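A.B. asks: return a 3D structure for these sequence lines:
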Amino acid sequence: MMATAVQAWSPAVPQSADGRDSGAYRVARELRLQTDGPRLSGYTLGFAPDWRVGVDVTTFFRDAEFMMPYTRGYTATGFFVAPYATRAVGERAQLTLGLRLAGVAGYPGLRRWWPLVRMEYAPHDNVRLVMGSLYGTLSHGLYEPMLDRERWVYDPYEEGVQLLATLPLGGTRWHTDTWLYWEELLEPWQPRQERFTLGSAHEWQLTGVNGHSPFALSIPLSFLGSHRGGQFSALDTCIQSLFNESVALRASMATGRRSALAVDVPLFLYQDVSPEKWQAFPDGWGFWPHLSFDGTLAPATGDRDWRMLLQAGYWRGSHFIAPRGSYLFQSVSWHKPDFAAPDRRMLTAKAAVENRYGSTFALGLDAEFYYDMDLRGLDIAFGLYMRYRP
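C.D. replies: This next block holds a predicted model:
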């Protein structure tokens, strides 16, 4: 639903006037109106020389009718608001200060706020170090089995350290996003554990780098590890370290001036490397080939543009667990500790429509379908979103 944190360059999808990609051919980019990523265009940093003040606003309605035993559904409507001020510090650094507000209707406990403090330093034009408030959650561009799309609702903000880069390698190009998200601090001898997530997402573009060919081929690679523990915790419980990796082949072909067809073939791995293993399975794997089409519903008129994304896929998993991924793809249940399905087969389908007005406002609608071939049951989800981003 969100674009990658580094403004990923897609030769099969033409660039819009403001330098952002005009569509998305992977699941993580379904609705760019929810994107929280640095505004990189090629190798241009775009640091503001003077104070630039703005506000990002997203409102949403989400209905997840999850009936299978892997996770629970919900219905929620709410908002995210982020007023901010940004200013360049010299030619190689940028400071962003602001506030992040979030709320879910009917649940006062989910009305929260976070300070927005982000420092960015660019030692090179195509490398950026970020500390403080990260370009996080689904902006990392990971596949859904590794990073749950629902996290943008219940865990929308990350804080820590992040390195973003777009590096030319001969006639190819390498995009990378590596981050440390510190979730919980351990105070010595307190009854809790420290928690953090370490991730690294890469995409090696092999062909179509210069944008002259309608065909593009790339290899996405990613790692995501979660850790819970701490040397000086008073909580007598286990130390847990779980790892996920993925390697994929992605091929895309322009089918028109503003449309593209893409095939993703990712393989996922899981390992429990904890000293004492308490998970249902010590290791596992998953395989999710899927076909996507990104195009226009109607010709752009003035500053108005309609786009759509269609996707269909097949999931095959064995003993697969992903601590930050969607439980819809896993072999264990989020809310039933005694339930396990060692082998999974599932059909997936998604559709998203986005109506953009200029470069600041967008209206989006999406629908998702997950059919479990073994339990013969269907999980569905629908969403309606609006976003303003100057």
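A.B. asks: Gly252 is in contact with Ser213, isn't it?
C.D. replies: If you look again at residue 252, you'll see it is Ser, not Gly. No - the criterion here is C-beta atoms under 8 Å, and Ser252 misses it with Ser213 at 10.6 Å. From N, CA and C alone the C-beta is placed, and that goes for glycine too.
A.B. asks: quick one: which of those two has more around it?
C.D. replies: Ser252 (24 against 14; other C-beta atoms under 10 Å).
A.B. asks: helices and strands around the lowest-mean-pLDDT helix or strand in the chain, which ones?
C.D. replies: Using mean pLDDT, DSSP states H and E, helix 151-154 stands out as the lowest-scoring helix or strand of the chain, at a mean of 80. When contacts are defined as 3 or more C-beta pairs under 8 Å, 6 or more residues apart in numbering; DSSP states H and E, helix 151-154 packs onto no helix or strand at all.
A.B. asks: which parts of that helix are buried?
C.D. replies: Arg151, Trp152, Val153 (16 or more other C-beta atoms under 10 Å).
A.B. asks: do stretch 248-259 as well
C.D. replies: For stretch 248-259, the neighbour count (16+ other C-beta under 10 Å) marks Ala248, Arg250, Ala251, Ser252, Met253, Ala254, Arg258, Ser259 as buried.
A.B. asks: can I get those in TSV including secondary structure, pLDDT and distance to Gly229?
C.D. replies: Formatted as TSV, the buried residues of stretch 248-259 follow (DSSP: H, G, I helix; E, B strand; the rest coil; pLDDT from 0 to 100; distance: C-beta to C-beta, whole Å):
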residue	secondary structure	pLDDT	distance to Gly229
Ala248	strand	97	31
Arg250	strand	96	35
Ala251	strand	96	41
Ser252	strand	93	41
Met253	strand	92	46
Ala254	strand	89	48
Arg258	coil	79	49
Ser259	strand	86	48
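A.B. asks: from these, which two are the most distant?
C.D. replies: Ala248 and Arg258 (24.8 Å; C-beta to C-beta).
A.B. asks: from Gly325, how far off is the most centrally placed residue in the chain?
C.D. replies: Centroid check for the chain by C-alpha atoms, centre = their mean gives Leu138 as the closest residue, at 1.8 Å. For Leu138, the distance to Gly325 (C-beta to C-beta, to the nearest Å) stands at 12 Å.
A.B. asks: what do these two both touch?
C.D. replies: The contact sets of Leu138 and Gly325 overlap at Leu147 (C-beta atoms under 8 Å, 6 or more residues apart in numbering).
A.B. asks: can you classify the residue nearest to the centre of the chain by secondary structure?
C.D. replies: Here Leu138 is recorded as helix under DSSP: H, G, I helix; E, B strand; the rest coil.
A.B. asks: kindly format the C-alpha coordinates of the next helix or strand after the least confident helix or strand of the chain as CSV.
C.D. replies: Sequence order places strand 159-169 as the next helix or strand after helix 151-154, per DSSP states H and E. The C-alpha trace of strand 159-169 is given here as CSV (Å, rounded to 0.1, in the frame of the first residue of the first chain):
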residue,chain,number,x,y,z
GLU,A,159,12.1,5.5,15.5
GLY,A,160,15.7,4.6,15.2
VAL,A,161,18.4,4.7,12.5
GLN,A,162,18.1,4.3,8.8
LEU,A,163,20.4,4.2,5.7
LEU,A,164,18.9,4.9,2.3
ALA,A,165,20.9,4.7,-1.0
THR,A,166,20.5,4.4,-4.7
LEU,A,167,23.9,3.3,-6.2
PRO,A,168,24.8,2.8,-9.9
LEU,A,169,26.7,-0.4,-10.6
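A.B. asks: give me the sheet partners of strand 159-169 and which way each runs.
C.D. replies: Here strand 159-169 has these sheet partners by DSSP bridges: strand 127-133 (antiparallel), strand 172-184 (antiparallel).
A.B. asks: what's in contact with the longest one?
C.D. replies: Same thing as strand 172-184. Residues contacting strand 172-184 (C-beta under 8 Å, 6+ apart): 4-6, 8-9, 134-136, 140-141, 158-168, 192-207, 209.
A.B. asks: could you flag which of the residues you listed are buried?
C.D. replies: Judged by 16+ other C-beta under 10 Å, buried ones among the contacts of strand 172-184: 4-6, 8-9, 134-136, 140-141, 158-160, 162, 164-166, 193-206, 209.
A.B. asks: looking at those, which are in strands?
C.D. replies: 159-160, 162, 164-166, 194-205 (DSSP state E).
A.B. asks: still on that earlier bit, just the closest of the buried residues of stretch 248-259 to Trp334, please.
C.D. replies: Ala248 (25.2 Å).
A.B. asks: correct me, but that closest one touches Pro145?
C.D. replies: No - Ala248 is beyond contact range of Pro145, at 11.2 Å (criterion: C-beta under 8 Å).
A.B. asks: which strands and helices lie in contact with the helix or strand Tyr385 falls within?
C.D. replies: Following DSSP H and E, the helix or strand that holds Tyr385 is strand 377-388. If you count contacts as 3+ C-beta pairs under 8 Å, 6+ apart, strand 377-388 packs onto strand 52-65, strand 361-372.
A.B. asks: what angle do strand 377-388 and the last one make with each other?
C.D. replies: Orientation check (axes from the mean of the first three to the mean of the last three C-alpha atoms, to 10 degrees): strand 361-372 against strand 377-388 gives 170 degrees.
A.B. asks: in strand 361-372, what's buried?
C.D. replies: Judged by neighbour count using 16+ other C-beta under 10 Å, the buried positions of strand 361-372 are Phe361, Ala362, Leu363, Gly364, Leu365, Asp366, Glu368, Tyr370, Tyr371, Asp372.
A.B. asks: again, but for the first one
C.D. replies: Residues of strand 52-65 classed as buried by neighbour count (16+ other C-beta under 10 Å): Asp56, Val57, Thr58, Phe60, Arg62, Ala64.
A.B. asks: now, which of those residues sits nearest Asn126?
C.D. replies: Minimum separation from Asn126 among those (C-beta to C-beta) is found for Asp56, which lies at 24.7 Å.
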